[in-house]
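In: coords please:
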Amino acid sequence: MAKTKEEREQRKLEAQERAEKRKATKAIKDAAKLANDESAANEPKLDVNELRKNLPISKEHNAGLPALSLPIDAFSKVMKYLPAREFGAISLTCTGYNYVLGGCRVAHVCSRLMRREDEEGLRSSCGSACLVGGLELCSGRKEAREILERSLTGGGETNRLISKKMKNSMKKNSNGDADADEYPGYARFVEEATLGYSAMQCSRHGVFPTFLQGRFASCSPEHTLLRIGGGGNTTSGSGGSGIASWGVAKRGQCGHGDREDVSEPKLLLGKIGWGVRIVQVAAGGGLVRVAHSLLLTSTGRVLSFGTAQYGALGHGYDAGKQLSDCLRPRYIDALKNEKVICVSAGELHSGCVTADGDVYTWGEGFCGQLGLGDRRPHLLPEQVTLGGLEDECVSNMSCGCRHTLVVTEEGEVFSWGLGRYGVLGRSYTDFTYNTDIGMANPEGDDGQVQGIAARPPPMRPDNIDAVVNAANNAGPVAGGGNGGMEDLMISLDALNLTLDDPSDQCFPKLVDALGAFRAVGVSAGHRHSMVLDEHGGLYTFGSGASGALGHGDLVGQEFPVKVMQFEENNVRIHQMSAGVDMSMAVSTTGDVYAWGKAKEGRIGLGNNNDICLPRKVDVGDANFKGVDVECGYVHSLIIGLDGSVYQCGGVGVDGKDDGQNTGGDGFPVLLSGYNIWHRIAEPKEKVFKQQWKKYGKYELKGRSGWNKDDT
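Out: Residues are numbered from 1 along each chain as shown. Just a heads-up that it's a prediction; the model follows:
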């Protein structure tokens with residue numbers, strides 16, 4: 001169809017305008033790359049504001065934004081103060097900023113990983129402001145770029161999701177700036193690992209504690225929980241919101257709906273990680289062959305599954321007044337009106353902290369580990385108000401074998417439960433009757449530890465063995481009954497004993513031996529405990545078996561004692577974990593340390609016996625930097641800055657021996673194919689479809705057997 005001369009001129013002018021806009025956009029992109037290139041630091045900077053005047057601005061999205069008038073370097077400084085969630089929101093909603101966010105990500109990650117100081121040695125406000133005075137995981141922009149590149153390949157091939165937009169951008173930008181589309185997910189992982197920042201999904205101002213046990217992983221003597229996967233439904237959504245579990249599953253503690261042991265990490269189904277975002281995990285259990293698990297969602301709800309024999313799941317009785325095991329995650333209805341910010345699972349009990357700073361506990365309380373003033377089991381969560389804890393605002397907690405530790409916002413530590421071996425870090429009064437059970441000892445250990453005198457029980461009935469056997473009864477109960485609990489109550493009635501006890505082991509009491517030090521985190525192990533102060537100092541107390549305290553000997557301590565090897569070498573600790581006679585810690589420089597029982601490679605230091613002083617763990621990668629550790633009984637996990645996961649030792653499943661996953665050398669092994677922050681596709685649950693059988697012209701399902709019985 002012929003065009004008039006005016007129409008041809010109009011189309012020519014429109015084509016020229018589009019070409020000018022493309023040139024202006026290309027010039028701005030080139031300016032952004034030069035501004036973020038270290039080699040361009042001494043070169044004269046381009047007037048980016050002049051170039052931005054020709055930028056086509058969408059009136060619907062970008063008109064009137066004050067940040068459009070900022071130079072690139074100033075814009076990067078502004079962006080580094082934004083949390084990862086807001087950073088990702090800008091990349092999605094403000095199309096005019098997309099081309100510069102690739103350069104801002106380097107400055108953004110540097111502010112989370114570097115501790116900057118001025119000429120007078122004072123820390124700059126633009127550096128990391130983490131709880132122990134700042135991290136030193138990155139030395140400059142060049143190393144930050146390398147960290148960003150490693151984050152995409154950490155853990156090997158993980159089948160991570162890549163958007164079509166990013167694939168096209170990667171073809172055009174070979175320098176890595178295209179990775180900005182995935183950066184918000186990695187930034188969220190970094191903020192949780194370094195700054196301890198994680199916002200609640202249900203509240204604009206609600207945040208989770210800066211220090212948590214089980215932020216990314218949690219280990220019990222029998223199973224492991226790990227945050228991986230999830231976030232596959234949004235471009236800026238982060239991975240690490242799903243859950244994988246593996247290990248012994250005889251009590252349903254792996255949450256896969258069956259009791260079959262799992263040898264490799266397996267994702268939980270039921271929208272965990274895709275419809276429900278998980279922010280913390282807690283694997284409970286001990287040496288008495290019981291185990292349970294807790295999951296904390298981004299909305300402050302708590303899910304539990306596993307053995308219900310001692311009420312550790314918090315669901316109470318079900319129909320028929322039974323305590324049935326849960327094979328899949330189930331919400332704790334008793335906490336539905338509370339916004340929970342921290343969960344912890346012990347051997348036979350559980351606990352949580354709410355956004356208001358209140359503490360709730362439930363489960364077995366025979367050793368006073370619930371802090372409710374008695375030694376009764378409590379099947380539903382109850383608030384701990386004794387010992388002045390009602391007036392305190394608690395920030396985080398940790399449940400051990402038979403004891404519990406909490407930290408308040410003022411930095412004070414409260415403890416309660418069985419004080420055997422000195423795990424409470426304070427003096428305590430004996431129970432009215434002393435059962436002398438406490439906890440099960442590891443294999444080959446008689447429980448006698450140097451340095452702590454035995455406390456003779458003031459009263460020991462002749463029939464106390466019945467109480468001991470009832471308390472430690474962990475055998476399966478027919479029909480899912482509560483078995484051991486009823487046996488315990490019957491035995492106590494026969495002995496004319498009561499579970500009311502005035503001992504201060506049954507309620508919270510301040511650990512005053514820490515003095516003026518402000519604590520930020522605690523970790524309760526099997527029979528020793530650890531406390532971290534705000535300056536990165538580490539304190540240990542309890543049993544010194546296998547050198548788990550890190551003081552260079554096997555002597556136990558009833559009060560907190562600082563680990564001097566870290567102090568003498570100017571090592572500051574960022575994260576720590578106490579297991580069964582073993583301990584691990586991560587420094588602010590990303591070095592991983594371990595000490596205690598090292599048999600079967602459980603702490604990654606080879607097949608040694610006992611290591612009494614902290615020693616560095618080598619994962620076989622010179623560029624590796626750790627951000628978190630978790631200890632169990634025969635295995636432990638190390639989380640890397642790139643999201644990779646290393647396992648030390650291993651839990652024997654299907655009748656196999658423990659430690660087989662290390663290959664026999666006793667050093668950490670990479671869990672290939674797994675990265676915490678990578679987004680992956682949601683796994684689909686296989687639904688069994690029953691085959692229809694055809695009889696003549698009718699299709700019947702399952703009628704053949706019925707016909708036979710009827711005849």
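In: Can you classify the residue nearest in space to the middle of the chain as helix, strand or coil?
Out: Nearest to the mean C-alpha position of the chain, by Cα atoms, centre = their mean, lies Arg215 at 1.7 Å. Three-state call for Arg215 (DSSP: H, G, I helix; E, B strand; the rest coil): coil.
In: which residues does it contact?
Out: Glu192, Ala193, Gly196, Arg227, Val279, Gln280, Asp628 (Cβ atoms under 8 Å, 6 or more residues apart in numbering). Every residue, glycine included, has its C-beta placed from N, CA and C.
In: One more: His223?
Out: Taking Cβ under 8 Å, 6+ apart, one finds Ser245, Trp246, Gly247, Val248, Ala249, Gln253, Cys254, Ala283, Gly285, Ala291, Ser293, Val651 in contact with His223.
In: And for Val571?
Out: By Cβ under 8 Å, 6+ apart, the contact set of Val571 is Gly536, Gln565, Ser587, Thr589, Asp591, Tyr593.
In: give me the low-pLDDT residue ranges for the protein?
Out: 1-3, 32-73, 94-103, 115-134, 163-180, 202-205, 232-238, 433-499, 660-664, 687-711 (pLDDT under 70).
In: picking up where we left off before, reformat the contacts of Arg215 as a markdown table; add secondary structure and neighbour count.
Out: Rendered in a markdown table, the data for the contacts of Arg215 read as follows (DSSP: H, G, I helix; E, B strand; the rest coil; neighbours: other Cβ atoms under 10 Å):
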| residue | secondary structure | neighbour count |
| --- | --- | --- |
| Glu192 | helix | 26 |
| Ala193 | helix | 29 |
| Gly196 | coil | 21 |
| Arg227 | strand | 29 |
| Val279 | strand | 26 |
| Gln280 | strand | 29 |
| Asp628 | strand | 26 |
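In: In terms of distance to Glu157, which of those residues ranks first?
Out: Nearest to Glu157 among the contacts of Arg215: Arg227, at 19.3 Å, using Cβ to Cβ.
In: Endpoints of stretch 343-360, how far apart?
Out: End-to-end distance of stretch 343-360 (Cα to Cα, to the nearest Å): 10 Å.
In: Can you pick out the most distant pair from the contacts of Arg215?
Out: Maximum distance among the contacts of Arg215 (Cβ to Cβ): 14.8 Å, for Gly196 and Arg227.
In: And stretch 617-637, what's buried?
Out: 617, 619, 624-637 (16 or more other Cβ atoms under 10 Å).
In: One more: stretch 268-276?
Out: For stretch 268-276, the neighbour count (16+ other Cβ under 10 Å) marks Leu268, Leu269, Ile272, Gly273, Trp274, Val276 as buried.
In: Can you select the buried ones among the contacts of Val571 for me in ChimeraX?
Out: Typed into ChimeraX, the line below selects the buried ones among the contacts of Val571, using 16+ other Cβ under 10 Å:
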select :536,565,587,591,593
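In: Inside strands: which ones of the contacts of Val571?
Out: Residues of those located in strands (DSSP state E): Ser587, Tyr593.
In: Just flag the most distant two among the contacts of Val571.
Out: For the contacts of Val571, and using Cβ to Cβ, no pair is farther apart than Gln565 and Thr589, which are 15.3 Å apart.
In: picking that back up, could you dump the contacts of His223 to JSON lines with neighbour count, secondary structure and distance to Thr210?
Out: Shown next, in JSON lines, are these (neighbours: other Cβ atoms under 10 Å; DSSP: H, G, I helix; E, B strand; the rest coil; distance: Cβ to Cβ, whole Å):
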{"residue": "Ser245", "neighbour count": "23", "secondary structure": "strand", "distance to Thr210": "26"}
{"residue": "Trp246", "neighbour count": "22", "secondary structure": "strand", "distance to Thr210": "29"}
{"residue": "Gly247", "neighbour count": "27", "secondary structure": "strand", "distance to Thr210": "29"}
{"residue": "Val248", "neighbour count": "21", "secondary structure": "coil", "distance to Thr210": "33"}
{"residue": "Ala249", "neighbour count": "24", "secondary structure": "coil", "distance to Thr210": "33"}
{"residue": "Gln253", "neighbour count": "30", "secondary structure": "coil", "distance to Thr210": "28"}
{"residue": "Cys254", "neighbour count": "32", "secondary structure": "coil", "distance to Thr210": "29"}
{"residue": "Ala283", "neighbour count": "27", "secondary structure": "strand", "distance to Thr210": "22"}
{"residue": "Gly285", "neighbour count": "30", "secondary structure": "strand", "distance to Thr210": "27"}
{"residue": "Ala291", "neighbour count": "27", "secondary structure": "strand", "distance to Thr210": "28"}
{"residue": "Ser293", "neighbour count": "34", "secondary structure": "strand", "distance to Thr210": "24"}
{"residue": "Val651", "neighbour count": "26", "secondary structure": "coil", "distance to Thr210": "30"}
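In: how about the helices in the chain?
Out: With DSSP state H as the criterion, the chain has helices at 5-35, 48-52, 72-79, 84-93, 98-113, 141-153, 164-172, 183-190, 464-471, 484-495, 564-568, 703-710.
In: List the contacts of Met200.
Out: Gly206, Val207, Phe208, Ser298, Thr299, Gly300, Lys339, Ile341, Ala355.
In: now those as a markdown table including distance to Ser91?
Out: Converted to a markdown table, these look like this (distance: Cβ to Cβ, whole Å):
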| residue | distance to Ser91 |
| --- | --- |
| Gly206 | 24 |
| Val207 | 22 |
| Phe208 | 24 |
| Ser298 | 20 |
| Thr299 | 24 |
| Gly300 | 27 |
| Lys339 | 29 |
| Ile341 | 28 |
| Ala355 | 29 |
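In: ok, back up a step: so which of the buried residues of stretch 617-637 belong to strands?
Out: In strands, judged by DSSP E, the following of the buried residues of stretch 617-637 are found: Gly626, Val627, Asp628, Val629, Glu630, Cys631, His635, Ser636, Leu637.
In: I'd guessed Pro668 sits against Ile638; true?
Out: Yes: contact between Pro668 and Ile638 holds when scored by Cβ atoms under 8 Å: they sit 6.0 Å apart.
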